[in-house]
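Engineer: Predicted structure and sequence below. I'll ask about it afterward.
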Amino acid sequence: MPSEPDRREFIKAGLAIGGTAALHGSLLSSSAAAQSDWAAEAFEQPFRQVHLDFHTSRFIEGVGNQFDADQFADTLVKAHVNSINCFGRCHHGFIYWDTKAFQERKHPHLSRPILNEQIEACHLRGIRVPIYFTVQWDYYTTRNHPEWLARNADGSVSGMPVEGTGFYQNLCVNTPYRDFLMEMVTDLFDTTPVDGLWPDIVKTLDCSCESCKKEMTDKGFDVGSQQDRMKFAAEMMKDFKQQMTQHIRSKSEKATVFYNAGHIGPDIRPFLDTYSHLEMESLPSGSWGYLHLPLTARFVRTLGKDYLGMTGKFHTSWGDFHSFKNQAALEFECFTMLSLGAKCCVGDQLHPNGQIDPVTYDLIGSVYERVEKKEPWCSKVKPITDIGVLTPEAFVEGRTPPPAMGVVRMLQEGRHLFNMVDSQSDWSGYKVMILPDVITVDDSLKQKLQQFLADGGSILATFESGLDPDKKFFALDALGVTKTGEGPREENGWAVRGRSFDRNQYAEYVVLSGDLGKGLPETEHVMYRSGLPVKAIGGATVLAECTKSYFDRQGDHFSSHRQTPSSGSTDGAAVVKQGHCIYFSHPLFTQYQTNAPKWCKVMFLNALKMLLPSAAIEVEGPSALTCTLNEQTAMSRQIVHLLHYVPERRGNDFDTIEDIVPLFDLAVSVRADRPITQARLVPEETVIDLRFENGRYHFVVPKVQGHQMIELC
């Protein structure tokens with residue numbers, strides 16, 4: 001994953017990659033077809049996994065001296081674990097297998113080859129053991145081979161400064177370090193049974209080390225151009241992953257491979273054939289938050305590979321020893337994975353002495369026992385969706401941009417079924433395409449959007465979505481609007497539209513009425529971020545007008561503590577409808593992610609109802625209730641997932657879940673896209689009443705205690 005300012009250039013460069021010549025002379029293009037065949041194999045991950053960290057300082061003695069292989073594996077069995085990632089090589093740079101070629105890399109106080117013993121004991125009990133293998137963070141290597149460090153454009157070390165406390169300096173795999181990694185993988189396979197390899201910290205870096213600069217120059221890239229550096233970095237990383245995967249394939253045809261970078265977005269497309277499956281690291285309390293997994297999974301599940309979600313048992317994040325997540329939170333995180341079609345993985349960290357913590361596995365087991373019972377209705381599922389959301393990740397900086405988070409939040413609270421998509425996704429089957437806030441339209445995307453409309457689809461766009469890439473004019477005529485200006489500017493000349501200000505200096509107002517304002521009082525509602533000045537054209541209908549304040553809050557022009565109230569005078573369109581398109585001039589999704597004005601959500605959901613009058617599923621309940629609908633084609637059944645857990649901000653740092661609040665007698669209906677003869681609660685296998693009316697099947701779920709599945713067949 002590139003640093004955030006480089007992300008757009010990396011995505012543009014990466015998506016343009018075809019086959020590239022091997023930078024190290026060992027990319028076998030003749031094996032590309034075979035590798036693609038392997039990558040396309042129908043491999044299904046186990047449902048109940050653990051990721052066991054073991055980053056252990058050289059200053060800790062007695063490493064592994066209390067490890068008991070039978071106790072270790074029996075604890076996993078008791079906790080219903082059927083796969084565990086164990087440590088081969090940690091961020092401190094130490095090896096934990098019975099190495100022959102790298103004795104100097106063994107942890108200086110390791111009392112036994114703990115990895116080999118873990119694998120043997122787990123295999124005897126039918127538990128898979130993929131092996132963790134650090135790549136770009138390695139404290140030992142940075143101290144012994146500083147010439148392998150990645151460098152920023154100014155020559156400084158990429159990542160944490162070398163004198164900092166930690167191992168967060170980045171190594172470059174375009175140096176001889178790559179050959180070193182290949183040799184180490186060979187040693188691992190020569191000495192240890194390998195079910196799979198889990199290379200961690202594999203990021204596409206803007207690197208200006210001597211190796212990269214020389215190769216860029218030789219290949220005609222401009223070393224001084226960040227765009228060129230990122231294009232080269234994407235090609236180089238593609239080559240590294242292909243070479244490493246091919247190397248692993250030469251050792252084992254069945255070993256799984258996943259390269260972790262902490263997030264999966266559109267920039268993974270050029271590398272997909274090097275992965276056996278996909279894993280979504282997403283610890284809600286560890287900076288990812290509770291929206292990251294649903295956002296990511298709704299894109300990952302369109303990529304055609306088996307996938308799993310990864311949370312942690314920690315109260316906060318990785319390395320939080322002797323802490324425990326609330327059971328309700330762990331339930332929600334794992335059951336959310338199931339509802340999104342993912343397998344489950346829970347992160348833990350083994351104590352340096354090697355003794356597994358029984359309390360941790362009592363916690364994990366309490367959840368995995370329930371996961372195991374739910375598995376028959378969660379295997380080989382296909383999501384049913386009405387809506388595609390063009391992901392903002394390829395358009396703005398950040399791996400989870402605010403408009404992406406805001407649209408996911410609104411749609412989940414509205415209990416809509418949707419995927420995150422990009423311009424390369426298959427859009428067939430979606431009834432509505434949403435362009436949240438920042439989706440500019442080039443000629444290629446314009447053509448795809450026009451075809452989507454021609455095929456009967458609808459489009460909902462907000463703010464600058466629909467503009468050309470230079471934001472000079474609307475490239476998508478179907479929206480029925482044209483720009484009338486650039487909007488107000490600060491006293492220093494900077495444009496203010498779409499931006500947040502501490503006292504809402506440039507706020508605007510809208511009056512909502514009719515279907516758009518259903519559920520809201522017919523009065524003015526503030527829009528804290530100013531919109532794009534537009535007017536309707538070509539017979540388009542204005543659903544809501546924008547009204548201005550008496551004046552913007554600048555200099556000696558101010559009134560009260562925050563924004564100036566409405567003057568009542570209209571100034572352009574706020575919401576416009578033309579045909580099967582609805583356009584909002586304000587950044588609704590960014591605003592909702594900032595401070596969640598309910599009126600923004602309500603008018604968005606009302607507009608969506610105009611474009612999607614009969615959603616695939618409708619559920620009556622509070623906004624904290626979420627739902628998904630999956631299909632098991634081979635078994636001719638659909639599975640409804642209802643989840644009601646309420647994350648709360650009980651401390652300053654992150655949300656958590658402690659209590660489960662049950663819901664009773666929830667009315668649910670599904671669109672009659674296929675015949676349904678029975679509805680029953682599962683895994684309880686309790687049949688509930690089902691009736692058909694007005695093209696929909698209706699039933700009532702008597703109780704949701706956190707998570708409830710309903711089988712429709």
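Structural biologist: Here it is on my side, so go on.

Engineer: for this structure, what are the low-confidence residue spans?
Structural biologist: Residue ranges of the chain with pLDDT under 70: 1-43.

Engineer: how's it carved up into domains?
Structural biologist: Split into domains by automatic domain parsing, the chain comes to 48-379, 385-611, 617-712.

Engineer: Would you mind giving these as CSV with mean neighbour count added?
Structural biologist: For every residue, glycine as well, the C-beta is placed using N, CA and C. Compiled in CSV, the domains of the chain are given as follows (neighbours: other C-beta atoms under 10 Å):
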stretch, mean neighbour count
domain 48-379, 20
domain 385-611, 19
domain 617-712, 16
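
Engineer: give me the element residue 310 is part of.
Structural biologist: strand 307-312 (DSSP states H and E).

Engineer: In its sheet, which strands sit next to that strand, and in what direction?
Structural biologist: Strand pairing for strand 307-312, determined by DSSP bridges: strand 278-281 (parallel), strand 343-349 (parallel).

Engineer: and after that strand, which helix or strand comes next?
Structural biologist: Tracing the chain C-terminally past strand 307-312 and defining elements by DSSP H and E, one meets helix 327-339 next.

Engineer: CA atoms only for that next one - export them in CSV, please.
Structural biologist: Provided in CSV are the C-alpha atoms of helix 327-339 (Å, rounded to 0.1, in the frame of the first residue of the first chain):
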residue,chain,number,x,y,z
GLN,A,327,-17.3,-10.8,24.1
ALA,A,328,-20.2,-8.9,22.5
ALA,A,329,-17.7,-7.0,20.4
LEU,A,330,-16.0,-10.1,19.2
GLU,A,331,-19.3,-11.7,18.4
PHE,A,332,-20.3,-8.7,16.3
GLU,A,333,-17.0,-8.6,14.4
CYS,A,334,-17.1,-12.3,13.6
PHE,A,335,-20.8,-12.4,12.7
THR,A,336,-20.4,-9.4,10.5
MET,A,337,-17.7,-11.3,8.6
LEU,A,338,-20.1,-14.2,8.1
SER,A,339,-22.9,-11.9,7.0
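
Engineer: Show me how far that helix is from its chain's centre.
Structural biologist: 16 Å (C-alpha atoms, centre = their mean, to the nearest Å).

Engineer: Can you name every helix or strand that it contacts?
Structural biologist: Helices and strands touching helix 327-339, by 3 or more C-beta pairs under 8 Å, 6 or more residues apart in numbering; DSSP states H and E, are helix 292-300, strand 307-312, strand 343-349, helix 358-374, strand 625-632, strand 637-644, strand 707-712.

Engineer: and the ones you listed as JSON lines, adding distance to residue 521?
Structural biologist: Converted to JSON lines, the helices and strands packed on helix 327-339 look like this (distance: least, C-beta to C-beta, whole Å):
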{"stretch": "helix 292-300", "distance to residue 521": "31"}
{"stretch": "strand 307-312", "distance to residue 521": "41"}
{"stretch": "strand 343-349", "distance to residue 521": "44"}
{"stretch": "helix 358-374", "distance to residue 521": "43"}
{"stretch": "strand 625-632", "distance to residue 521": "25"}
{"stretch": "strand 637-644", "distance to residue 521": "28"}
{"stretch": "strand 707-712", "distance to residue 521": "35"}
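
Engineer: The ones you listed: which one's closest to residue 490?
Structural biologist: Smallest distance to residue 490 across the helices and strands packed on helix 327-339 (C-beta to C-beta): 31.7 Å, for helix 292-300.

Engineer: could you give the angle of that closest one to helix 327-339?
Structural biologist: Put simply, helix 292-300 runs at 10 degrees to helix 327-339, going by axes from the mean of the first three to the mean of the last three C-alpha atoms, to 10 degrees.

Engineer: Now for residue 139: which residues touch it?
Structural biologist: By C-beta atoms under 8 Å, 6 or more residues apart in numbering, the contact list for residue 139 reads 91, 92, 93, 167, 169.

Engineer: where does the fourth one land in three-state SS?
Structural biologist: Using DSSP: H, G, I helix; E, B strand; the rest coil as the criterion, the local structure at residue 167 reads coil.

Engineer: what about dumping the CA coordinates of stretch 361-370 to CSV?
Structural biologist: Extracted in CSV, the C-alpha atoms of stretch 361-370 (Å, rounded to 0.1, in the frame of the first residue of the first chain):
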residue,chain,number,x,y,z
TYR,A,361,-9.1,-19.0,24.0
ASP,A,362,-12.1,-19.3,26.3
LEU,A,363,-13.1,-15.9,24.7
ILE,A,364,-12.4,-17.0,21.2
GLY,A,365,-14.0,-20.4,21.7
SER,A,366,-17.2,-18.8,23.1
VAL,A,367,-17.6,-17.1,19.7
TYR,A,368,-16.2,-19.8,17.4
GLU,A,369,-18.5,-22.4,18.9
ARG,A,370,-21.4,-20.3,17.6
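
Engineer: which residues are in contact with that stretch?
Structural biologist: 48, 50, 75-76, 78-81, 313, 324-325, 327, 330-331, 334, 344, 346, 348.

Engineer: of the strands paired with strand 307-312, which approaches residue 108 most closely?
Structural biologist: Between residue 108 and the strands paired with strand 307-312, the shortest gap by C-beta to C-beta is with strand 343-349, which sits at 19.7 Å.

Engineer: Looking at the helices and strands packed on helix 327-339, which is nearest to residue 429?
Structural biologist: strand 625-632 (11.9 Å).
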